[in-house]
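Novice: what's the 3D shape of this:
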Amino acid sequence: MLDKTYSLSLQAKELLTNNLEKVNYKKEDLSFSDFEISNYAYFIETGAVKNHYINNNGDKTVVWFGFEGDICVLLTKYLDIEHYPASFEFLEDTVFYRIKLSHLKHLYATNMEWANWGRKLAEILLVKTYIEIDEYRLMDAKKRYLHLIQNNENIKNRAPIKDIASYLGVSPVTISRFRKKL
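Specialist: Model prediction:
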């Protein structure tokens, strides 16, 4: 999982793995507490989560899905941005390895390999976001749906229709219609 982002030496990996804690959450747990999501970065071993933005009316919009191999962290908390109304919820029973954000920041500040890993991760996520925004801007709802499921089969099989609809900005009925025609 780590080498997918940037190749690390065994010694650099040990700096992380020696500080990881394995944690399990049940789908019924629903979501991380504010403390948990504010103070840790999570590496998903198995399971699925979603991240949603919460507007001023309390309405939730799904903005991200995470599956095996993904990193689950609220970047606004990592960057010490005070209030960003978002939360993560569990779609399935999920097993994580977590590390305190303070330790991860320490690795970035004191180890060149980890500084490069963090930079590379930020670059990958930024490019993925720009591509998604640019591609989705030009697509109608059906093309966005097809693009989403072609690029991540996990979403189609593991995320509820209502969450996929929220992510794409359409109704659940629209997603059901798309699925019937495929």
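
Novice: tell me where the chain has helices.
Specialist: Applying DSSP state H to the chain gives helices spanning 2-5, 10-17, 34-39, 75-78, 101-110, 112-137, 141-151, 153-158, 161-168, 172-181.

Novice: average pLDDT for the first one, rounded please.
Specialist: Throughout helix 2-5, pLDDT has a mean value of 81.

Novice: what residues sit buried inside that helix?
Specialist: Buried residues in helix 2-5, defined by neighbour count with 16 or more other CB atoms under 10 Å: 2, 5. Glycine gets a C-beta too; all of them are placed from N, C-alpha and C.

Novice: of the helices of the chain, which approaches residue 93 most closely?
Specialist: Nearest of those to residue 93, taken as CB to CB: helix 153-158 at 11.7 Å.

Novice: what helices or strands is the closest one leaning on?
Specialist: helix 141-151 (3 or more CB pairs under 8 Å, 6 or more residues apart in numbering; DSSP states H and E).

Novice: list the contacts for residue 4?
Specialist: Listed by CB atoms under 8 Å, 6 or more residues apart in numbering, the contact partners of residue 4 are residue 69.

Novice: if we can go back for a sec, out of the helices of the chain, which comes closest to residue 62?
Specialist: Among those, helix 161-168 sits nearest to residue 62 (CB to CB), with 4.2 Å.

Novice: can you give me the buried ones in the closest one?
Specialist: By neighbour count with 16+ other CB under 10 Å, helix 161-168 contains the buried residues 161, 163, 164, 165, 166, 167, 168.

Novice: from those residues, pick the one nearest residue 2.
Specialist: Distance to residue 2, by CB to CB, is smallest for residue 167 among those, at 26.8 Å.

Novice: so where's this structure uncertain?
Specialist: The model of the chain has pLDDT under 70 over residues 1, 34-35.

Novice: could you find the closest non-adjacent residue to residue 160?
Specialist: Using CB to CB, 6 or more residues apart in numbering and skipping the chain neighbours, the partner closest in space to residue 160 is residue 91 (7.3 Å).

Novice: hang on, isn't that neighbour packed against residue 50?
Specialist: Yes. Using CB atoms under 8 Å as the test, residue 91 is close enough to residue 50 to be in contact (5.9 Å).

Novice: more neighbours, these two?
Specialist: Using other CB atoms under 10 Å, the more surrounded residue of residue 91 and residue 50 is residue 50, with 24 against 19.
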